[in-house]
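Chemist: compute the structure for the input listed below.
(chains A and B)
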Amino acid sequence: MTATATSARSDLSELGRSETALRTFLHGLPGVDQVGAEQRAAQLGTRSIKTTAKAQAIDLAIRMVDLTTLEGADTPGKVRALAAKALRPDPADPSCPHVGAVCVYPAMVPHVAEVLRGSGVHLASVATAFPSGQAPLEIKLADTRAAVAAGADEIDMVINRGAFLAGRYKEVYDEIVATKEACGDAHLKVILETGELATYDNVRRASWLAMLAGGDFIKTSTGKVPVAATPPVTLVMLEAVRDFRAATGRQVGVKPAGGIKTTKDAIKYLVMVNETVGPDWLDPDWFRFGASSLLNDLLMQRTKLTTGVYAGPDYFTLD
Amino acid sequence: MFEYAPAPESRSVVDIKPSYGLFVDGKFVDPTDGGSFKSINPASEEVLAEIAEAGSQDVDRAVRAARQAYEKVWGPMPGRDRAKYLYRIARIIQERSRELAVLESLDNGKPIKESRDVDVPLVAAHFFYYAGWADKLEHAGFGPNPRSLGVAAQVIPWNFPLLMLAWKIAPALAAGNTVVLKPAETTPLTALLFAEICQQADLPAGVVNIVTGAGETGRALVEHPGVDKVAFTGSTEVGKAIARAVAGTRKKLTLELGGKAANIVFDDAPVDQAVEGIVNGIFFNQGHVCCAGSRLLIQESVADRVLESLKRRMAQLRVGDPLDKNTDIGAINSAAQLARIRELSEAGSAEGAERWSPPCELPDRGFWFAPTIFTGVTQAHRIAREEIFGPVLSVLTFRTPAEAVEKANNTPYGLSAGIWTDKGSRILWMADRLRAGVVWANTFNKFDPTSPFGGYKESGYGREGGRHGLEAYLNV
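Modeler: Model prediction:
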């Protein structure tokens, strides 16, 4: 590590103390050229992943799925079924790995916790007045504490986009710090809601802000606004975690969420991780897919690779 | 680790004949004196086909066929009818794109992802674009009723065999000329497949003639008295010889020659995209690109950071089988070119520049060169002055914009340049001062049939592409 990087390391912890320091730092990050970033993401999407590489990628992608249901209509029965599926995605094939986590609303956490206990599958809960984040801070923090108390070991919070877009970076920073504290030992995933951030420059700044404030993961989207995860947004976030580790030594995970429905899409993301940040991130501890229907497509492709034929959708359990 | 399994494109999609004749007057014919040479796959050194070598009599026959077609058929034909043939050719190129891409990669060594995603789509786009001009020449800005020239002699290089053919043939035919084209001796196969496409399109005999051979064939063609126009893309050395040969004749000449482009990165550049642009600038097509960004000028305050990112990115480049869909860098086109790249790289080390390549395994057979950068290069080094035409980048630094301009322009060439900065005003300021035919801003090696391309100084004269590209084939 060079002298510049070491001195940067000590400087970064001080940034959160002042609005000016945060602004100066975030606006001093190198810009993102939109055309170039989109072109690179598209290029990575043309990699051809076949045979053994495909089998390996599918199993890895299954292990990275945050199997998610975030509906008003969720019931204890439904989330228990989802949790059971998370443990044994393909009941017919014991060699099929379990998913990374189950992701639900705080009220559903106790029901999922019963099923997952001791399984190694993480239990993620959205919190902080998901998806809008439009609630007073005390309520967001209480929401977080309740989810953790009920058994969640990962918290997916939303940032205050209004404050971020208005340039009140310290407010966003302080909220993340407070939420992280409310999490206790639980991992904190910070949802940037990139579909509302408008530019890749903002995505890069929000990524750094979330990491500086102590986020363990940065996540693209809630899945509740029209634009969710896209390859170029994920690329910019991967570059951010790569550069953040180079500057601070701390590794932060990335979770694209929303809109990733097919094995083909998932593999494109894995290629992007592989060629942007490398094998250190090719692990469910450092990269997750926030998805629901993706898992069945992965299972269908997995069955096709092992048996040589496609099974109909009726052979895979409904979420 | 995530290892990509081999993903080879099938070579059985293309049918390579054991031998090819010359394409003269709509037919494949044997050369008069029966000479031939072999075209090999540079990735394996396997012989692909036996190719006829055209002597001066064959060239004469081709020029006479072109003249007759010009006078009897193509010259008098209304523009809208010429357009129909060009559109038909463009569509057949699209239909046979996979075949053309595989053949191009086999004969040239370039990765299939480039022949498939860049070369062949641009070839079709060029024919479509110039087809559109064929019946609108009086609106091209060259006055009323612009006239064609006659017979065009066209000599093209081996780096983009089919694309250079398209750059030459499409505007020539759209403007009403007929052509005799000589492809490079190491990469004649796609031109010969193009000849079959001309037959398939029912293009009148003699409008396109293809004579294969090496330097002597090219010389016979450009010196032929029956030729009205000479168009050449290739080395500056040969370009100068051609300029001397046609001096004092009525022949109109356009030359697209070498380059030693500066790719200039300022401290406010979008670093990740600039690194992609640097990689694309010098490693695209193994660096066998006349407009390659072969000199990287980095503002000194960000030099370490950019170089670190560049090296990390270079370690991701996949060198190997050109037909593998995941290959980024294919084979060097010929043993002779490989020898030249090696010689200049050794000169770089000998003159004190620091050489670096990522760890990469090269195949045992065929012609290969690992992606390489030299740091600590000065303007006085040979690797900063001479065109290497390979995957070798010379890195220099600068302090002020004025110094960047001075260094960028300090070359006998002037084909292209790249600027990387977030400041729009600086892009314009730089573009005004760079003596280069193409200046790319926050991108590199972007091509489009609507955009003129050509050089300053020893990079040649005349423009290809766009409305400007018509001028070379019109009597204006």
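
Chemist: how about the residues of the stretch 151-300 of chain B by chain A?
Modeler: Contact residues (Cβ under 8 Å from any Cβ of the partner chain) of the stretch 151-300 of chain B with chain A: B:268, B:269, B:270, B:271, B:272, B:273, B:274, B:276, B:277. (C-beta placed from N, C-alpha, C; glycine too.)

Chemist: and which of these is nearest to residue A:264?
Modeler: Residue A:264 has its nearest neighbour among those in residue B:276, at 23.1 Å by Cβ to Cβ.

Chemist: quick one: neighbours of the closest one, just the number.
Modeler: Residue B:276: 22 surrounding residues under other Cβ atoms under 10 Å in any protein chain shown.

Chemist: tell me the phi and psi of it?
Modeler: In terms of degrees, to the nearest 10, the main-chain angles of residue B:276 are phi -60, psi -40.

Chemist: report the separation between it and residue B:133.
Modeler: Counting by Cβ to Cβ, to the nearest Å, the separation of residue B:276 from residue B:133 is 33 Å.

Chemist: now do the contacts for the residue sitting nearest the centre point of chain A.
Modeler: With distances taken as Cα atoms, centre = their mean, residue A:255 lies nearest the centre of chain A, 2.1 Å away. Contacts for residue A:255 (Cβ atoms under 8 Å, 6 or more residues apart in numbering or on different chains) come out as A:66, A:189, A:217, A:218, A:219, A:220, A:287, A:288, A:289, A:290.

Chemist: and it, bridged to which residues?
Modeler: Following DSSP bridges, residue A:255 is listed with bridge partners residue A:219.

Chemist: likewise for residue B:394?
Modeler: residue B:295, residue B:374.

Chemist: report pLDDT for the residue nearest to the centre of chain A.
Modeler: Per-residue pLDDT puts residue A:255 at 98.

Chemist: so, low pLDDT: which residues of chain A?
Modeler: For chain A, applying pLDDT under 70 flags the ranges A:1-11, A:319.

Chemist: quick one: the helices in it?
Modeler: A:3-12, A:19-27, A:34-44, A:51-64, A:76-87, A:109-116, A:137-149, A:161-165, A:169-183, A:200-212, A:231-248, A:263-276, A:294-307 (DSSP state H).

Chemist: can you list contacts of the third one?
Modeler: The set of residues that contact helix A:34-44 without belonging to it, under Cβ under 8 Å, 6+ apart, is A:199-200, A:230-232, A:234-236, A:268, A:271-272, A:275-276, B:270, B:272-274, B:276-277, B:442-443.

Chemist: likewise the shortest one?
Modeler: The contact list for helix A:161-165 (Cβ under 8 Å, 6+ apart) reads A:133, A:169, A:171, A:172, A:175, A:193, A:196, A:197, A:198, A:202, A:206, A:209.

Chemist: number of nearby residues for residue 304?
Modeler: Using chain A here. Quick note: residue A:304 (other Cβ under 10 Å) scores 15 neighbours.

Chemist: the intended chain is chain B.
Modeler: With other Cβ under 10 Å as criterion, residue B:304 counts 13.

Chemist: surely it is within a strand?
Modeler: No - under DSSP: H, G, I helix; E, B strand; the rest coil, residue B:304 falls outside any strand and is assigned helix.
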